[in-house]
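Visitor: got a predicted structure plus its sequence, pasted below:
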Amino acid sequence: MKLQLLGGLTPRSFLQRHWQKRPLLVRGALPAFRGILDVRALVALARRDDVESRMVRRRGSRLETVHGPFGQGIRLERRNATLLVSGVNLHVRAADELLRRFAFVPQARLDDVMVSYAAPGGGVGPHIDSYDVFLLQGEGRRRWRIWDRKGQKKEYTVDEGDMLYVPPGWKHDGVALDACYTYSIGFRAPRGAELAAAFLDWLHERGLPDAAYRDAGLKPARRGAALPGRMLSFAASVLRSIRWSKDDATRFLGEYLTEPKPHVVFRPSGRRRLARSGLRLDPKTQLLYSGRRFFINGESFVTSKSAAPLLRELAERRRVRGARLAQAPLAGLISGWLRAGYAHLERLQP
């Protein structure tokens, strides 16, 4: 199906032609888009210690960056300043719904919605991101410059509802022409070294092979600074004994990708009867699956064959009627999620 969001392209065509290949400017991607929050609400988020934020000010040719939380001391200047708040989708439902518009990319790749408010002249300077990003323009205008791999530059002025897709590795720079808002929909792409280090930590928590080095019968060293051959053999033997299976890799990846960021805080749900309510996953909750194994906020479990389809539907749609869950053998699991704040009950719409 063709999407106005993608300039009339189908998701398949967009992914084939542009995803991680070349930028795309879409005029009127969301023509009715009027933004999600105003500067007052953005400032309120920047004051919180469970929200990532920063202020970038331009001083001549220099850029100064100050990281939040800002408490009561935040001050927005009239020119050359930008306030950026990350993870707005974790705190504002409308931002989470905006993020889910991009679910034609696997949810495991969705990261967050960052919202920036810039005074005229504000920007963060030319930079290269290591991840894909959609830059949706809210109120106000911004001028974007993009450099291709050969250093050739293109300029675009975007208005409310316009959107620019920038693949990883493309240098770009946005400067506010008016006081304006930009909604950056970002995607996570963990690097190999990052995954490997986290996987070794994961294996260690589950009991890496252990053995004590012994060198009974040791003889006096002729070359004291040389690595002992017996110790090298011991180290090689221990490392060779590290084993993992495809199931281990699956469990690790699912738990790793759903692990909340350190500053994320969940709050328990209010009391309602499951059978008479709708259940919605908290915006901070990431629920992924592989077969009958499910991953939620850094934890994993295997469910029954009969319960798996309903949980998959919840993972895809992020909401389901509570009565369906109450009838399935999932009531205890869902009750634990409600107590942990992973999900919430809400009044059913008539």
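Guide: Received the coordinates, thanks.

Visitor: for the chain, name the helix or strand with the lowest mean pLDDT.
Guide: Ranked by mean pLDDT, DSSP states H and E, the weakest helix or strand in the chain is helix 322-327, scoring a mean of 81.

Visitor: how far out from the middle of the chain is that one?
Guide: In terms of Cα atoms, centre = their mean, to the nearest Å, the centre of helix 322-327 is found 30 Å from the chain centre.

Visitor: and it, C-alpha only, in CSV?
Guide: Provided in CSV are the C-alpha atoms of helix 322-327 (Å, rounded to 0.1, in the frame of the first residue of the first chain):
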residue,chain,number,x,y,z
GLY,A,322,-8.7,-7.5,28.5
ALA,A,323,-11.5,-10.0,28.2
ARG,A,324,-9.5,-12.0,25.7
LEU,A,325,-6.5,-12.1,28.1
ALA,A,326,-8.7,-13.0,31.0
GLN,A,327,-9.9,-16.1,29.2
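
Visitor: what's that helix in contact with?
Guide: Contact with helix 322-327 is made by 273-279, 310, 331, 334, 345, as judged by Cβ atoms under 8 Å, 6 or more residues apart in numbering. For every residue, glycine as well, the C-beta is placed using N, CA and C.

Visitor: inside strands: which ones of those residues?
Guide: 277-279, 345 (DSSP state E).

Visitor: list buried residues within the contacts of helix 322-327.
Guide: 274, 277-279, 310, 334, 345 (16 or more other Cβ atoms under 10 Å).

Visitor: going by distance to Asp129, which of those residues wins?
Guide: Nearest to Asp129 among the buried ones among the contacts of helix 322-327: Leu279, at 35.2 Å, using Cβ to Cβ.

Visitor: who's in contact with that closest one?
Guide: With contact taken as Cβ under 8 Å, 6+ apart, Leu279 is in contact with 314, 319-322, 325, 334, 343-346.

Visitor: Three-state assignment for Arg251, please.
Guide: Taking DSSP: H, G, I helix; E, B strand; the rest coil as the rule, one finds Arg251 in the helix state.

Visitor: what's around it, how many residues?
Guide: Residues lying near Arg251 (other Cβ atoms under 10 Å) number 19.

Visitor: list the contacts for it?
Guide: Applying Cβ under 8 Å, 6+ apart, we find Arg251 in contact with 293, 300.

Visitor: can you tell me the closest non-neighbouring residue to Cys134?
Guide: Wrong residue type there; residue 134 is Phe, not Cys. Nearest residue to Phe134 in three dimensions, chain neighbours excluded: Ile185, at 4.3 Å (Cβ to Cβ, 6 or more residues apart in numbering).
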